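Asks: Sequence plus predicted model, see below.
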Amino acid sequence: MDREVDEIGIVIVAGALTEQQCDAFITIIDSEIASFTNIERRLHDWPVGNATYRDTKGYKVFNFQARHPAAMELVAFPLVVDYFRRYLGASMVLHSSEGAVIPPGCGRDFPLHYDGYDRIPGYFLSMNAIFYLCDANAENGATRYIPGTHKEFLSRQEAAQRSWKHADVKKGDLVLFNPYLFHAGSENRSNANRPTIINYYQRGYIKQGFDYPRAMSISEQRKLTKDQRTLLGFDHRVPTDVSELYLQYRGTNAPLADMDPFGR
Ligand SMILES: O=C(O)CCC(=O)C(=O)O
């Protein structure tokens, strides 16, 4: 895996999820899309040029880990977490988890990009894991990438002049990225959706996509494993004010970091 991440820029892990797990995740994503809140519907209807967000980017179920216990379990998928921690350290956190669906006809304009805020030679700030819930290739919007660009530090304009390859993956495969590899989704020219789950991790000191601990009830927080708590950012919370600072330090020799007003 190290060699492929270093030499090619992506590694495909075959059969990370079973067919049944993929189907169950597709059902969860579809039902979340069907019951989108008003603000989620409005985001997808948002005008982008002459089209809408949905027509250009497809459907995004943001905060996917909060939608179902299986999705929460997936953010702590041991292969991903153990492997990425080797690059991003033990304090690594989740930046975002998304259920993503590229419908037929969508994805033509996904821009080639690298992941993360910055490119620092020899040092990664983030890493991306895409679980494919269907077979994917050049026909139906598979991830495209420009091999070797993770070592070249090109501009986006330079990268746009290069030719790319498509990942060729089976349902249940997992694609892990070198963050500096130029890549993007691609046009879905088939008649079926291309569903994926995109779990994106980063160093523990970078701001996460959402304030996960604050978004959860105390009872939900208590169901989390230690690993999930670390990944969701419970070890790096910012107190709103001095009263929360007292909650953090109350009564133990370690920061509570829960800010649980009822105590434990
Ligand atoms: O959907 C894809 O194939 C690519 C997703 C992507 O580019 C990203 O998450 O950075």
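Replies: Alright, I've got the coordinates. Numbers count the residues shown, from 1 in each chain.
Asks: now check the lengthiest helix in the chain, is it near the ligand?
Replies: Taking DSSP state H as the criterion, the chain has its longest helix at helix 19-34. No - figure legend: helix 19-34 not in contact with the ligand (C-beta under 6 Å from any ligand atom); closest approach 13.4 Å. Backbone N, C-alpha and C define where each C-beta goes, glycine included.
Asks: Please tell me how far the residue in the stretch 151-264 of the chain that the ligand sits nearest to sits from residue 71.
Replies: Nearest residue of the stretch 151-264 of the chain to the ligand: residue 185, at 3.5 Å (C-beta to the nearest ligand atom). With distances taken as C-beta to C-beta, to the nearest Å, residue 185 is found 20 Å from residue 71.
Asks: next one: residue 79
Replies: Between residue 79 and residue 71 the computed distance is 17 Å (C-beta to C-beta).
Asks: Who has more neighbours out of the two?
Replies: Between residue 79 and residue 71, counted using other C-beta atoms under 10 Å, the more crowded position is residue 71 (21 against 13).
Asks: ok, the more buried one - contacts?
Replies: Going by C-beta atoms under 8 Å, 6 or more residues apart in numbering, residue 71 touches 25, 28, 64-65, 97, 99, 197.
Asks: 10 Å - rerun?
Replies: Taking C-beta atoms under 10 Å, 6 or more residues apart in numbering as the contact definition, residue 71 lies against 25, 28-29, 32, 61, 63-65, 97, 99, 197, 199.
Asks: Quick check: the farthest pair among those residues?
Replies: 32 and 199 (15.8 Å; C-beta to C-beta).
Asks: Of the two, which one has the most company?
Replies: When residue 32 and residue 199 are compared for neighbours, residue 199 comes out ahead with 27 against 20, by other C-beta under 10 Å.
Asks: What's the separation between that one and residue 131?
Replies: 7 Å.
Asks: Find residues that contact each of these two.
Replies: 74, 77, 80, 174.
Asks: Report how many residues lie close to the second one.
Replies: The one in question is residue 77. By other C-beta under 10 Å, 18 other residues sit near residue 77.
Asks: for it, phi and psi?
Replies: In terms of degrees, to the nearest 10, the main-chain angles of residue 77 are phi -50, psi 120.
Asks: Mind telling me what element the spatially most central residue of the chain is part of?
Replies: Nearest to the mean C-alpha position of the chain, by C-alpha atoms, centre = their mean, lies residue 199 at 2.5 Å. Element membership for residue 199 (DSSP states H and E) is strand 194-202.
Asks: ok, that strand: who's next to it in the sheet?
Replies: strand 93-102 (antiparallel), strand 126-132 (antiparallel) (DSSP bridges).
Asks: any idea how far the helix or strand that contains residue 71 is from the chain center?
Replies: According to DSSP H and E, residue 71 maps onto helix 69-75. Per C-alpha atoms, centre = their mean, to the nearest Å, the displacement of helix 69-75 from the mean C-alpha position of its chain is 12 Å.
Asks: That helix: which residues count as buried?
Replies: By 16 or more other C-beta atoms under 10 Å, the buried positions in helix 69-75 come out as 71-72, 74-75.
Asks: if we can go back for a sec, the closest residue in space to the residue of the stretch 151-264 of the chain closest to the ligand that isn't next to it in sequence: neighbour count?
Replies: Nearest residue to residue 185, sequence neighbours excluded (C-beta to C-beta, 6 or more residues apart in numbering): residue 110, at 4.3 Å. Residues lying near residue 110 (other C-beta under 10 Å) number 19.
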